[in-house]
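Asker: here is my input, please return the structure:
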Amino acid sequence: MTSSSTPSSAPSGEPARHRPLRRITARGRDEAHRVASPLELFFDLCFVVAVAQAGIQLVHSVAEGHPGEGILNYAMVFFAIWWAWMNFTWFASAYDNDDVLYRVVTLIQIAGVLVLAAGVSRAFEDHEFLAVWLGYAIMRVAMSAQWLRVAWSSEGAERTTALRYAGGVLLCQIGWLGLLVLPEGGRAWVFLVMAILEMCVPLYAEKDHPTSWHPHHISERYGLFTIIVLGETIASATVAVKTGVDENDALGELLPIATGGLLIIFSAWWIYFVVPIHGHLRSNRQSFLWGYGHYLIFASAAAIGAGLEVAVEQAVGEAHISTLAASAAVTLPTALFLLTVWLLHARFYKVGTAQQLVLPTAALLVILCTFLGDWAVLAAGIVSALAVAVGVTLTARMVAGERGATREV
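Answerer: Predicted structure coming up:
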């Protein structure tokens, strides 16, 4: 593993890192060369299976003319996936000791998200959330077990933090039972209340003793998941275009969508990774806002792929919606991605009004592209690419100006 644990004493001279079971102790926030482990990468890839299932069902809902219901179900399912992923990511950043039990419990969490993924279609089509709830419960009970290990291995304020986490996570599972026992009309309210309570658990648990998460490791983990989600978006859109060409011989209709989709996704990657965000993550207040806000970044990135599939289906006559609705399925999540990345990520490194206005302006223009009919997706892609070009040009001019001022001095 590329991620190593803090050494602890071992009997008979055996290196601590070779022991199959060892105490979970906090890792240093300033630990050098801290990178994602193979287990974490495997974890991410398995979670994207569930993201893909949620995207597929969103496509079906929108294409059949039920966007409101589809978006609500998508928001609920995606929250369960994202929240379980995020909790593990921050825990691993602070306490990954890579022993046998840690690996086994993490693999149980992976099994939980696969159970959740298996129940996504029934949640969308039949409003049956049993499998989704069960998969989520598996992941969350496993997460509580990890925190109980921390409590057993620590004392004082750190132990209190761990117990707060474990207790809060388990108590929330009781509340989520409302998705199974309450009438269908009340499920949206159950989701809203329980999502807020879930997000309050870390705020309460760490109010007296923050965990020792690693800024560079956290930024890398979020970046890797962003890459995987964008990759899934490209994969789903590519399959949709290929199917449309093979079954309908509609290359002319699909080429603008394919080109615009690629420009959007390439631009999304560029815009997200243009700045090194780990320098901004200095406290829990900053990191919680940044980390929580990624719900919108991840969800919108995945929804772009779903929107491209909807646009393809509408172009070949397989979706029962208007061109305007199909265009909005692409442009609205694209605009949300651009705006959210600017709010949470990019604006801290922008200098001057011109640089600050690039992404918000691009988001507005992308929304306006919705009304361009069959050319909406291509136009949105061109706007996204121009946003990258303008941002690069403004940054280059700023750097050139600073160098000129330095030489004059």
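Asker: now do the helices in the stretch 151-300 of the chain.
Answerer: Applying DSSP state H, counting those that start in this stretch to the stretch 151-300 of the chain gives helices spanning 156-176, 178-181, 187-205, 215-248, 251-273, 284-315.
Asker: would you point out which residue is most central in this structure?
Answerer: By C-alpha atoms, centre = their mean, the chain has its centre lying nearest to F298, at 3.4 Å.
Asker: tell me if I'm right that it and T226 touch.
Answerer: Yes. With contact defined as C-beta atoms under 8 Å, F298 and T226 form a contacting pair (7.1 Å). Placement of C-beta: from N, CA and C, glycine included.
Asker: ok, the residue nearest to the centre of the chain - contacts?
Answerer: V51, F78, W82, F225, T226, V229 (C-beta atoms under 8 Å, 6 or more residues apart in numbering).
Asker: apply 7 Å and report the result again.
Answerer: Going by C-beta atoms under 7 Å, 6 or more residues apart in numbering, F298 touches W82, F225, V229.
Asker: in ChimeraX, select just the buried ones from those.
Answerer: Command for ChimeraX that selects the buried part of the contacts of F298, burial taken from 16 or more other C-beta atoms under 10 Å:
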select :82,225,229
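Asker: which one of the contacts of F298 sits closest to D98?
Answerer: Distance to D98 across the contacts of F298 (C-beta to C-beta) is lowest for F225, with 19.8 Å.
Asker: skip the chain neighbours and tell me the closest residue to that closest one.
Answerer: D44 (5.3 Å; C-beta to C-beta, 6 or more residues apart in numbering).
Asker: from F88, how far out is the one you found?
Answerer: For D44, the distance to F88 equals 10 Å [C-beta to C-beta, to the nearest Å].
Asker: the two: who's more crowded?
Answerer: Higher neighbour count among D44 and F88: F88, with 25 against 21, using other C-beta atoms under 10 Å.
Asker: how about whichever strand or helix holds the more buried one: buried residues?
Answerer: Per DSSP states H and E: F88 is located in helix 67-95. Within helix 67-95, the residues that qualify as buried are 67, 70-95, counting by 16+ other C-beta under 10 Å.
Asker: do the same with stretch 115-127
Answerer: Buried residues in stretch 115-127, counting neighbours by 16+ other C-beta under 10 Å, are found at V115, L116, A117, A118, G119, V120, S121, A123, F124.
Asker: same list (those residues) but as a markdown table, adding distance to G167.
Answerer: Converted to a markdown table, these look like this (distance: C-beta to C-beta, whole Å):
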| residue | distance to G167 |
| --- | --- |
| V115 | 24 |
| L116 | 23 |
| A117 | 28 |
| A118 | 29 |
| G119 | 27 |
| V120 | 29 |
| S121 | 33 |
| A123 | 28 |
| F124 | 32 |
